[in-house]
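**Student:** Build me a structure from this.
(chains A and B)
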Amino acid sequence: MGKREETAAVREFAAAGGSGATEDWQRAHLLEYLMRRFGDDVLSLAYFYLQDKQAAEDAAQEVFLRVYHNLEEFRGESSYFTWIYRITVNLCRDRLRSWHHRNIIPWDILWGHRTASPAAGGIEEQALDNVEAGEIMQAVLELPTKYREVVYLKYYSDMTVSEIARVCGINDSNVRVRLHRAYRMLKEKLARKGNWPHGRPQPGKKT
Amino acid sequence: MEDRNLEKKLKDLKAIVQRDLMRDWGFSAEMRAKVHEMANPGRKGGISGIKAAAARLLAGPWLRRLALVAAAALAVCGVFAALNGQPRENLLIRTVEERQVDFDGRWPPDLVRTVEINDSSMEGTGYLTMIWAADGGNGWHLLYSAPCRKNNLPLPIKTVHLTGGGANLVLVSSKEEQSDLLNYRVLGYDGRQVIIYLDRSFIPQGRVETGPGYVKETGAGSYSIFWWSGNGFEEEIFPDH
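**Tutor:** As a prediction, the model looks like this:
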């Protein structure tokens, strides 16, 4: 028997190789797909909770491990997206509550990792963009967890109020209230930081 | 800050995060590999050794008939198990194509597989092509994976046979249905890592075919032949076809 025939024989054997093997393959394929598809989003969501890159990486891996072990529970009633976000939110909340996280993990200084990116409007414009973007991001990161999560899910993940409610395990009205309060807090924070309460200054003009 | 300004900046949050936080950071291949390992401790790559064991079994000619009889018996058992077992609709996944490829000319061959995933968050179907290497009877190790872009359809997997060593490369490709754009990659595996020898994207009205030691790419108005030169491809362009 040549190699081509052997390959065909292996395929036949594998195809009939028992439901356990087939299911293992399917689960591994699905896991890989979900990690490719949602890995970065889960990682950044975890970062918004934990504010430490290493902690976010650990949490994101743990999320997908939970996804793998609970694939049977996923019935397609919600999207994978909502389901995985829900797992991420629950896991990150647990980690935030843990003694370890509150006492050991340092605050990761996001802006230490920032690098300037090219902008069309020149150096001053770009610098203002970066400062302003940085302050908005920092202000969001400084919000209490329950407000931070709804802001992230609305503005980063483009979720609807109902989707946020499902992910966070609260009702729609609570989501709206939290968003409203978060919005107010952000305005106050940015005003305190002197972030242009009446609009942004024009580059090159003294204010 | 005015409400309008704040709203605008919050709407930029995604771009800010992607630019500042995720620019040099992401859920890497190493992280994915670690999750596969954690999911199946003790089995590198996460898949049991049943297939690899089958491969070893079938490598012995005197056992092949026995194995095929066993396979038939297992198939019958599988039918009964499927009839009696739980429905599997929750997995929402289907193998579209599977090919075994001898990247290095050694037995057992590696596995290239494309799966279709019913992904409601994609508003349709997602596809993923993967290369799995046999771990010498201990299972399978995921070497490479590539999701199809949205609205892309995977095309049949092809191989490029390299003369002189029994090795092969694999060509994975997809096509954007509406815009008729072809994307493809030619991949090899050196026993340690997957090497991308050709990576071509957005070829209008593109078609690709393979032969011993070459890849022929046909686009609108011209075609190219990429000849294998021992450690890579060299392109020869032809204006008309």
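**Student:** Please name the spatially closest residue to A:Val42 (chain neighbours excluded).
**Tutor:** The shortest distance from A:Val42 to any residue that is not its chain neighbour, by CB to CB, 6 or more residues apart in numbering or on different chains, is 4.7 Å, and that residue is A:Ala60. Any C-beta I mention is one placed from the backbone N, CA and C, and that applies to glycine too.
**Student:** Does the one you found touch A:Leu43 like I think?
**Tutor:** Yes. Taking contact to mean CB atoms under 8 Å, the distance of 4.5 Å between A:Ala60 and A:Leu43 places them in contact.
**Student:** list residues touching both of those two?
**Tutor:** Taking CB atoms under 8 Å, 6 or more residues apart in numbering or on different chains as the contact rule, the neighbours common to A:Ala60 and A:Leu43 are B:Phe27.
**Student:** neighbour-wise, which of those two wins?
**Tutor:** Between A:Ala60 and A:Leu43, counted using other CB atoms under 10 Å in any protein chain shown, the more crowded position is A:Ala60 (29 against 25).
**Student:** Going by secondary structure, the more buried one is in what exactly?
**Tutor:** Secondary-structure element containing A:Ala60, defined by DSSP states H and E: helix A:53-69.
**Student:** and the following helix or strand past that helix with chain B, contact?
**Tutor:** Under the assignment DSSP H and E, the closest C-terminal helix or strand after helix A:53-69 is helix A:80-97. Yes. Interface with chain B: helix A:80-97 contributes A:Tyr80, A:Phe81, A:Thr82 (CB under 8 Å from any CB of the partner chain).
**Student:** Direction-wise, compare helix A:80-97 with helix A:53-69 and give the angle.
**Tutor:** Relative orientation of helix A:80-97 versus helix A:53-69 (axes from the mean of the first three to the mean of the last three CA atoms, to 10 degrees): 130 degrees.
**Student:** what residues are up against whichever residue of chain B sits closest to chain A?
**Tutor:** Scanning chain B for proximity to chain A using CB to the nearest CB identifies B:Phe27 as nearest, at 2.7 Å. By CB under 8 Å, 6+ apart, the contact list for B:Phe27 reads A:Met35, A:Gly39, A:Asp40, A:Val42, A:Leu43, A:Ala60.
**Student:** just curious, which of the residues you listed is nearest to chain B?
**Tutor:** Looking at the contacts of B:Phe27 and their distance to chain B, the nearest is A:Gly39, at 2.7 Å (CB to the nearest CB).
**Student:** Quick check: that closest one touching B:Arg32?
**Tutor:** Yes. Using CB under 8 Å as the test, A:Gly39 is close enough to B:Arg32 to be in contact (6.9 Å).
**Student:** where does B:Arg65 land on pLDDT?
**Tutor:** The model reports B:Arg65 with a pLDDT of 46.
**Student:** no no, B:Pro147
**Tutor:** At B:Pro147, the predicted lDDT confidence score is 83.
**Student:** Contact partners for it?
**Tutor:** For B:Pro147, the contacting residues are A:Tyr33, A:Arg36, A:Arg37, B:Gly126, B:Tyr127, B:Leu128, taking CB under 8 Å, 6+ apart as the criterion.
**Student:** okay if I get those residues as CSV plus neighbour count, distance to B:Ala15 and secondary structure?
**Tutor:** Written out in CSV, the entries for the contacts of B:Pro147 read as follows (neighbours: other CB atoms under 10 Å in any protein chain shown; distance: CB to CB, whole Å; DSSP: H, G, I helix; E, B strand; the rest coil):
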residue, neighbour count, distance to B:Ala15, secondary structure
A:Tyr33, 22, 26, helix
A:Arg36, 18, 22, helix
A:Arg37, 21, 20, helix
B:Gly126, 24, 24, strand
B:Tyr127, 20, 28, strand
B:Leu128, 24, 27, strand
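**Student:** Any chance of the residues you listed in a markdown table with distance to B:Arg19 as columns?
**Tutor:** What follows is the contacts of B:Pro147, written out as a markdown table (distance: CB to CB, whole Å):
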| residue | distance to B:Arg19 |
| --- | --- |
| A:Tyr33 | 26 |
| A:Arg36 | 21 |
| A:Arg37 | 21 |
| B:Gly126 | 26 |
| B:Tyr127 | 29 |
| B:Leu128 | 27 |
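**Student:** Which one of those residues is nearest to B:Lys216?
**Tutor:** B:Tyr127 (24.0 Å; CB to CB).
**Student:** hang on, the closest one packs against B:Asn118?
**Tutor:** No. Between B:Tyr127 and B:Asn118 there is no contact, the gap being 10.9 Å when judged by CB under 8 Å.
**Student:** From what I see, B:Val96 and B:Val112 are in contact.
**Tutor:** No. Here B:Val96 lies out of contact with B:Val112, judged by CB under 8 Å, at a distance of 11.4 Å.
**Student:** and the two? which has more neighbours close in?
**Tutor:** Neighbours per residue (other CB under 10 Å) separate B:Val96 from B:Val112, with B:Val112 holding more: 24 against 16.
**Student:** Which other helices and strands does the helix or strand containing A:Leu190 contact?
**Tutor:** Using DSSP H and E, A:Leu190 maps to helix A:172-192. When contacts are defined as 3 or more CB pairs under 8 Å, 6 or more residues apart in numbering or on different chains; DSSP states H and E, helix A:172-192 sits against helix A:122-141, helix A:145-151, helix A:161-168, helix B:3-11.
**Student:** and that helix, what's its mean pLDDT?
**Tutor:** Helix A:172-192 shows a mean pLDDT of 91.
**Student:** Output it as PDB - backbone C-alpha positions only.
**Tutor:** Extracted as PDB, the C-alpha positions of helix A:172-192 are listed here (Å, rounded to 0.1, in the frame of the first residue of the first chain):
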ATOM      1  CA  ASP A 172     -31.500  47.600  31.400                       C
ATOM      2  CA  SER A 173     -32.500  50.500  33.700                       C
ATOM      3  CA  ASN A 174     -29.400  49.900  35.900                       C
ATOM      4  CA  VAL A 175     -27.200  50.000  32.800                       C
ATOM      5  CA  ARG A 176     -28.700  53.400  31.800                       C
ATOM      6  CA  VAL A 177     -28.300  54.700  35.400                       C
ATOM      7  CA  ARG A 178     -24.700  53.600  35.500                       C
ATOM      8  CA  LEU A 179     -23.900  55.100  32.200                       C
ATOM      9  CA  HIS A 180     -25.400  58.400  33.200                       C
ATOM     10  CA  ARG A 181     -23.500  58.400  36.400                       C
ATOM     11  CA  ALA A 182     -20.300  57.400  34.700                       C
ATOM     12  CA  TYR A 183     -20.700  60.200  32.200                       C
ATOM     13  CA  ARG A 184     -21.200  62.700  35.000                       C
ATOM     14  CA  MET A 185     -18.100  61.400  36.900                       C
ATOM     15  CA  LEU A 186     -16.000  61.600  33.700                       C
ATOM     16  CA  LYS A 187     -17.100  65.200  33.200                       C
ATOM     17  CA  GLU A 188     -16.100  66.100  36.700                       C
ATOM     18  CA  LYS A 189     -12.800  64.300  36.500                       C
ATOM     19  CA  LEU A 190     -11.900  66.000  33.300                       C
ATOM     20  CA  ALA A 191     -13.000  69.400  34.500                       C
ATOM     21  CA  ARG A 192     -10.800  69.000  37.600                       C
END
